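Need coordinates for the following:
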Amino acid sequence: MPKLTVTAPEGAGERPFAYDNRFALESTSGPDRLVIGVSQGPVGLMLELAERAEGPFHILYVLLESRTGHEAARYQAPFPLMLHEVREFFLAYERFLEGDGRHHAWIFTEADHTMLIYEQHDILFAYGPLPRFLAVLERRGLKRGPVRVPAAHQHLIRPEFDRDESQILRHWDWVQAPLAPGDRY
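Residues are numbered from 1 along each chain as shown. Predicted structure coming up:
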């Protein structure tokens with residue numbers, strides 16, 4: 001189930017959009033990062049990358065738009081997590097995270113400064129031990145190349161996931177903070 005649609009040529013309406021299994025190494029004003037676009041299973045890939053990081057782990061759920069009356073905000077898990085707990089959380093909400101465009105989800109560590117960000121445009125950003133991450137991408141057969149969000153796109157926010165939004169926000173007693181300036185783009 002795609003998170004994005006793009007405008008089809010010649011007014012043929014909207015069509016689902018998927019990336020073509022590419023990654024790029026990008027320089028930023030901070031550390032370098034990997035930008036990753038996969039056609040299937042971004043949550044599984046995110047968890048595989050997390051296996052290459054040094055825990056304990058933290059989860060940040062960024063709700064950008066709510067259909068259920070919850071506050072658009074950043075919700076951080078209230079305590080550090082072991083990898084198996086991160087895996088359980090992401091697998092419990094995998095369909096929601098991959099099939100709805102109302103949010104971003106992060107896994108991050110303090111030990112090796114890993115940040116894995118699965119964002120609303122269906123792209124993964126990976127910061128941290130990049131050589132370990134590159135080995136995973138290459139083993140999976142991803143090719144180097146640009147990963148770009150399509151210019152004319154729409155985020156799909158599906159009513160069938162409203163219950164999941166409520167459940168994810170009841171999962172823990174989250175530490176809530178306002179959205180940061182760069183959360184919406």
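
where in the protein is pLDDT low?
Within the chain, the segments meeting pLDDT under 70 span 10-11.

Need the residue closest to the centroid of it.
Nearest to the geometric centre of the chain sits residue 118, at 1.1 Å (CA atoms, centre = their mean).

give me the beta-bridge partners of it?
Beta-bridge pairing of residue 118 under DSSP bridges involves residue 105, residue 124.

mind listing what it touches?
42-43, 46, 97, 104-106, 124 (CB atoms under 8 Å, 6 or more residues apart in numbering). Using the backbone N, CA and C atoms, a C-beta is placed for each residue, glycine as well.

same thing but 6 Å
Residue 118 makes contact with 42, 46, 105, 124, according to CB atoms under 6 Å, 6 or more residues apart in numbering.

and it, how far is that from residue 149?
14 Å (CB to CB, to the nearest Å).

can you pull the buried residues of stretch 123-143?
Residues 123-130, 133-134, 136-137, 142 are the ones in stretch 123-143 that count as buried (16 or more other CB atoms under 10 Å).

One more: stretch 96-111?
So for stretch 96-111, counting by 16+ other CB under 10 Å, buried means 96-109.

sorry, back to before: please identify which pair of the buried residues of stretch 123-143 lies farthest apart.
Farthest-apart pair in those is 123 and 129; separation 19.5 Å (CB to CB).
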